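> let's see this in three dimensions:
(one chain, ligands or ions: 2)
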Amino acid sequence: MVATTNQSFTQSSSLVKNENKLDINTSTSSHQSTIFCLSSGKGKCGIAVIRVSGQACRQVLKDMAQFHHMPIPRQAVLRKIVDSGNGVVIDKGLVIFFPAPHSFTGEDCVEFHLHGGPAVVSALLCALHSIPGCREAHPGEFTKRAFMNGKLDMTEVEGLGDLIHAETEVQRRQALRQMDGDLSQLYQGWRADIIKCVADLEAFIDFSEDQDIEEHVVESVKSRVGKLRLEISRHLHDNRQGERLRDGVQVVILGEPNVGKSSLMNALSQRPAAIVTDVAGTTRDIIETHLNIAGYPVLLSDTAGLRDTADKVEKEGVIRARKRAEQADVKVVVLDLQQWQNCKNNNRKSSITEFVISQINSLGLQLYQASASSLQILNADLSDSDSTPQLVDEEYCQTIIVLNKLDLVQGNTLEDLKSIDNKVLNCAVGSCLEAQSGRELEPNSPVDFPSVCCVSCTTGEGMQEFLAILESKLKIMCGDPLAGSPSLTQARHRSHLTKCLADLEQFGQMTPADDFVIASEALRRVLREIGKLTGKITTEEILDVIFRDFCIGK
Ligand SMILES: Nc1nc2c(c(=O)[nH]1)N(C=O)[C@@H](CNc1ccc(C(=O)N[C@@H](CCC(=O)O)C(=O)O)cc1)CN2
Ligand SMILES: Nc1nc2c(ncn2[C@@H]2O[C@H](COP(=O)(O)OP(=O)(O)OP(=O)(O)O)[C@@H](O)[C@H]2O)c(=O)[nH]1
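Ligands and ions are numbered 1, 2, ... in the order given. Next comes the predicted model:
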């Protein structure tokens with residue numbers, strides 16, 4: 001066995017060398033031009049920061065800030081800053097030198113912190129232009145250099161991009177975690193595991209006449225690959241929590257005409273985003289607004305009231321509403337309590353539960369919301385590496401039922417409403433939806449029943465409770481970005497990892513009669529995919545797509 005270990009080690013290092021041949025992420029920046037850019041926001045501001053990165057930085061310091069010796073690294077110094085072309089003083093500002101490799105880009109960097117007037121900024125940019133070898137940076141070019149110089153891997157770069165684009169607190173937390181390398185570490189760890197497996201397997205291929213090695217090595221590799229398969233499965237089947245948080249949660253308001261959908265939309269967005277009238281069928285097109293609800297990014301849509309109609313325009317609106325409902329992460333179904341009050345007034349016996357159920361049924365929406373298969377994997381036994389988890393990707397969504405126009409409910413009806421226990425109502429409605437879905441769930445599988453609440457969009461009563469429910473649903477849909485292992489955040493990652501999983505599964509089905517060379521090739525493909533994920537293997541095309549979305553000056 002000692003021999004095997006040694007063999008693994010040499011295999012392992014040759015493997016790394018082989019892989020590096022595919023690596024274009026090794027370029028040195030010595031031949032590149034020096035780039036500069038305004039990194040703070042455009043327009044008048046207190047202080048403007050202009051960054052310079054590249055070989056000409058030392059010349060810039062000499063010519064523009066009269067440093068005859070290089071300043072102490074990373075220490076701000078107040079200097080007169082001069083246009084070296086004409087000797088004119090541009091401003092008196094702070095200058096910081098970050099010598100390579102200890103800078104953001106890994107190259108020599110200089111920062112000018114100036115007074116934020118547009119004329120000051122443009123004079124400095126102009127002066128930099130005239131220094132030989134200097135040019136203005138493209139969007140994301142500083143970060144691209146940081147990536148090229150190995151300061152950040154691709155997932156960290158993407159985290160940084162997300163941090164800049166983060167509009168809400170929870171998005172910020174997820175992006176920061178990714179920028180800090182949590183996702184990178186997870187993927188690098190998987191890569192290291194596979195490298196070991198390939199090394200062991202290839203050592204076995206070279207020394208297969210030794211039966212002792214076969215037993216141990218092949219079995220151990222199979223079991224390690226099995227564990228990894230399960231880990232990647234779990235990471236992929238997370239109900240897209242991280243992606244949802246990054247892209248925004250789709251919350252869709254649905255219901256019959258005139259029940260108060262647009263009023264709810266306006267109450268949530270605190271502005272008259274949608275037209276409200278007492279004419280049934282007012283909203284036709286989908287009306288969207290972006291909201292920050294408790295730190296979660298939400299794309300809220302108001303939709304046309306669901307009903308059969310001969311009106312051509314309204315009909316199209318209803319089709320769009322149903323389509324949007326299918327894409328919803330959270331469905332907010334609005335019902336009109338005045339209709340229940342009318343039932344009661346007409347002496348038609350109807351409990352609130354019956355009313356809710358019959359109304360929901362008549363809307364013809366798919367509101368059932370368990371994602372049993374995805375949740376199953378979370379409970380799967382990690383040690384049982386031979387069982388390939390069978391996962392079906394189900395759409396997972398949450399439903400809130402809002403009983404609106406609470407202010408119109410009076411007398412006995414109001415008392416009836418107040419007497420009902422919310423939990424009982426939630427369960428009754430939930431069971432009904434479960435039955436309606438026609439699907440059998442295993443006992444104890446976690447199902448989130450829809451939550452029911454009463455509000456008045458006119459008086460604001462119940463709105464806090466509704467918001468609290470919505471918040472809890474957003475939490476379920478996005479998870480806590482700081483808890484547990486980091487989430488998958490992008491379709492790009494999903495696509496690479498799905499390919500990895502397919503190859504790992506192919507490997508798992510290998511039998512002793514199979515060719516181990518082919519099996520090890522499957523593992524090498526996994527390595528290549530993870531390499532693409534972290535940017536160890538990349539192409540200009542991919543880089544362009546990723547850096548395109550960065551701001552100028554980043
Ligand atoms: N003025 C200023 N503020 C800024 C930045 C900047 O470039 N300039 N940043 C730009 O995004 C962010 C900070 N990120 C930075 C990341 C690395 C290094 C850096 O010098 N890294 C060196 C040394 C590390 C150390 O000493 O701990 C290195 O990695 O070797 C600097 C800033 C946010 N604030
Ligand atoms: N009393 C009372 N009236 C409400 C409440 N919410 C909405 N309304 C009224 O109900 C009517 C319909 O409201 P909308 O918000 O336009 O209803 P909608 O569901 O968007 O209607 P459509 O666009 O037809 O689908 C308007 O006259 C609102 O003022 C409420 O809580 N109490």
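
> which residues of the stretch 351-500 of the chain fall in helices?
352-363, 372-379, 411-419, 422-437, 463-478, 491-508 (DSSP state H, counting those that start in this stretch).

> and of these, who's closest to residue 247?
helix 491-508 (9.1 Å; Cβ to Cβ). C-beta here means a position set from N, CA and C on the backbone, and glycine is covered the same way.

> what helices or strands is that closest one leaning on?
helix 219-236, helix 516-534 (3 or more Cβ pairs under 8 Å, 6 or more residues apart in numbering; DSSP states H and E).

> re earlier: ligand 1: which of the helices of the stretch 351-500 of the chain is closest?
helix 491-508 (22.0 Å; Cβ to the nearest ligand atom).

> hmm, who's touching that closest one?
The contact list for helix 491-508, computed with Cβ atoms under 8 Å, 6 or more residues apart in numbering, reads 155, 158, 183, 222, 225-226, 228-229, 232-233, 235-236, 243, 386, 388, 488, 519, 522-523, 525-526, 529-530, 532-533.

> rerun that using 7 Å as the cut-off
225-226, 228-229, 232-233, 235-236, 243, 388, 488, 519, 522-523, 525-526, 529-530, 532-533 (Cβ atoms under 7 Å, 6 or more residues apart in numbering).

> and what of stretch 466-478?
Contacts for stretch 466-478 (Cβ under 7 Å, 6+ apart): 170, 241, 244-245, 249, 293-294, 296, 298, 329-330, 398, 400, 402, 448, 451, 453, 455.

> point out where the chain drops to low pLDDT.
1-31, 208-215, 368-395, 436-448, 512-514, 553 (pLDDT under 70).

> tell me which residues of the longest helix anywhere in the chain come out buried.
In the chain, taking DSSP state H as the definition, the longest helix is helix 182-206. If you call a residue buried by 16 or more other Cβ atoms under 10 Å, then helix 182-206 has these buried ones: 182-184, 186-188, 190-191, 193-204.

> spell out which parts of the chain neighbour ligand 1.
49, 98, 101, 102, 103, 104, 111, 151 (Cβ under 6 Å from any ligand atom).

> filter these to the buried ones?
Applying 16+ other Cβ under 10 Å to those, the neighbour count classes 49, 98, 103, 104, 111, 151 as buried.

> contact partners for the closest residue in space to the third one that isn't next to it in sequence?
By that I understand residue 103. Take residue 103 and drop its neighbours on the chain: the residue closest to it by Cβ to Cβ, 6 or more residues apart in numbering is residue 109, 4.0 Å away. Taking Cβ under 7 Å, 6+ apart, we find residue 109 in contact with 51, 52, 53, 57, 98, 103.

> which ones among the buried ones among the residues of the chain next to ligand 1 lie within strands?
49, 98, 111 (DSSP state E).

> residues contacting the last one?
In this case it means residue 111. By Cβ under 7 Å, 6+ apart, residue 111 lies in contact with 49, 51, 96.

> same check on the first one?
With contact set as Cβ under 7 Å, 6+ apart, residue 49 has these partners: 39, 40, 111, 113.

> just send those residues back as a markdown table, with secondary structure and distance to residue 505 too.
Below are the contacts of residue 49 laid out as a markdown table (DSSP: H, G, I helix; E, B strand; the rest coil; distance: Cβ to Cβ, whole Å):
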| residue | secondary structure | distance to residue 505 |
| --- | --- | --- |
| 39 | coil | 46 |
| 40 | coil | 49 |
| 111 | strand | 50 |
| 113 | strand | 54 |
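
> so what sits opposite the spatially closest residue to residue 75 that is not a sequence neighbour in the bridge?
Closest residue in space to residue 75, ignoring its immediate chain neighbours: residue 96 at 6.9 Å, by Cβ to Cβ, 6+ apart. Here residue 96 sits in beta bridges with residue 111, going by DSSP bridges.

> surely residue 96 touches residue 74?
Yes: assessed by Cβ atoms under 7 Å, residue 96 is found in contact with residue 74 at 6.5 Å.

> point me to the residue of the protein nearest ligand 1.
Counting by Cβ to the nearest ligand atom, the chain gets nearest ligand 1 through residue 102, at 3.8 Å.

> show me the contacts for that residue.
Applying Cβ under 7 Å, 6+ apart, the residues near residue 102 are residue 73.

> same deal with residue 248?
297, 298, 299.

> 10 Å instead, please
167-168, 171, 290-292, 296-300, 329, 478 (Cβ atoms under 10 Å, 6 or more residues apart in numbering).

> ok, residue 352 next?
335, 337, 340, 344, 403, 413, 416-417, 419-420, 425, 428-429, 452, 454.

> what of residue 409?
337, 338, 340, 341, 344, 403, 415, 416, 417, 418, 454, 456.

> what is the burial count for the third one?
When you say that, I think you mean residue 340. Around residue 340 there are 25 other residues, counting by other Cβ atoms under 10 Å.

> now swap in the second one and tell me
Using other Cβ under 10 Å as the criterion, residue 338 is surrounded by 18 other residues.

> isn't it up against residue 408?
Yes: the pair residue 338 / residue 408 is scored as a contact, 4.6 Å apart, by Cβ atoms under 10 Å.

> show me which residues of the protein are close to ligand 2?
By the rule Cβ under 6 Å from any ligand atom, the part of the chain lying against ligand 2 is 255, 257-263, 276-278, 280-283, 304-305, 404-405, 407-408, 456-458.

> among those, which are in helices?
261, 262, 263.

> in a strand, residue 94, correct?
Yes: under DSSP: H, G, I helix; E, B strand; the rest coil, residue 94 sits within a strand.
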